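Participant: got a predicted model here, sequence first, then my questions.
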Amino acid sequence: MIKHFTSSVFVSGLVDGVWSLELIEHPRLRRWMIPGGHVELGESQVDAALREVEEETGRRVRLVRPPGPAVPPAFPRTALTMPWWMTEQPVPPDAHYGDRHVHVDHQYVGLIADPDEVTQKPEHLFRRVGLEELDGLAMFADTRLLAAGLFAVVPMLGAGDFDAASILTSLAGDGQS
């Protein structure tokens, strides 16, 4: 089966002292999803992630690297932010390909500095949700599972705390911490 590279971003922001997740309403799938889409010719997965967030939500994000060793400062090549997860998902025909195919999705975590700053008109309806709202939304189960785990982790990321052990322990939990 044909495979297409995609990028998506779990976008979080601090609103009134509470961390939230920004979701878009996908018009064709009628689900709440994280912003994302196909990697276009000439783009890296990172480029696509940043572009898709801005197109779909009107916001700019700062991608946050996942726990693990960083590239050394003297590394002679451009280091790109690694995705937190990479998944394969069979999908129905879409605007990019008229047959069933597989999305190889690079899933990032991104933080927005100012949740009210909009750089362009968003393509999709979006909303901010808290952990307690996830179960009541029409979303895919895999997105809900990863989002729930991130609610325990995002405050550490927002504070610049990259203690990998704490982050990995939180992600391995049930997402309710």
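Facilitator: Done, it's in. Residues are numbered from 1 along each chain as shown.

Participant: what segments of the chain are helices?
Facilitator: For the chain, the helices defined by DSSP state H occupy 45-57, 141-158, 164-172.

Participant: counting neighbours, what do you get for residue 57?
Facilitator: Residue 57 has 25 neighbours, counted by other C-beta atoms under 10 Å. In this view, the C-beta of every residue, glycine as well, is placed from N, C-alpha and C.

Participant: thought it was touching residue 127?
Facilitator: No - Residue 57 is not in contact with residue 127 according to C-beta atoms under 8 Å; the separation is 10.2 Å.

Participant: next, show the common contact partners of these two.
Facilitator: Common neighbours of residue 57 and residue 127 (criterion: C-beta atoms under 8 Å, 6 or more residues apart in numbering): residue 22.

Participant: separation between residue 117 and residue 16?
Facilitator: To residue 16, residue 117 is 16 Å away according to C-beta to C-beta, to the nearest Å.

Participant: what does residue 30 give?
Facilitator: Here residue 30 is placed at a distance of 29 Å from residue 16 (C-beta to C-beta).

Participant: please apply the same query to residue 78.
Facilitator: As judged by C-beta to C-beta, residue 78 and residue 16 stand 37 Å apart.

Participant: ok, residue 56 next?
Facilitator: With distances taken as C-beta to C-beta, residue 56 is found 23 Å from residue 16.

Participant: more neighbours: the two, which one.
Facilitator: Under the criterion of other C-beta under 10 Å, the comparison of residue 56 against residue 16 puts residue 56 first, with 24 against 6.

Participant: quick one: contacts for the more buried one?
Facilitator: Applying C-beta under 8 Å, 6+ apart to residue 56 gives the contacts 24, 35-37, 122-124, 126.

Participant: pull out the buried residues from those residues.
Facilitator: The neighbour count (16 or more other C-beta atoms under 10 Å) marks 24, 35-37, 122-123, 126 as buried among the contacts of residue 56.

Participant: looking at the residues you listed, which one is closest to residue 71?
Facilitator: residue 36 (24.3 Å; C-beta to C-beta).

Participant: where's the closest one relative to residue 63, distance?
Facilitator: Applying C-beta to C-beta to residue 36 and residue 63 gives a distance of 13 Å.

Participant: what residues are shared contacts of these two?
Facilitator: Common contacts of residue 36 and residue 63 (C-beta under 8 Å, 6+ apart): 9, 49.

Participant: just to revisit the earlier point, let me have the buried ones among the contacts of residue 56 in TSV, extended by pLDDT and distance to residue 71.
Facilitator: Output for the buried ones among the contacts of residue 56, formatted as TSV (pLDDT from 0 to 100; distance: C-beta to C-beta, whole Å):
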residue	pLDDT	distance to residue 71
24	94	31
35	97	26
36	96	24
37	94	27
122	81	33
123	82	33
126	88	32
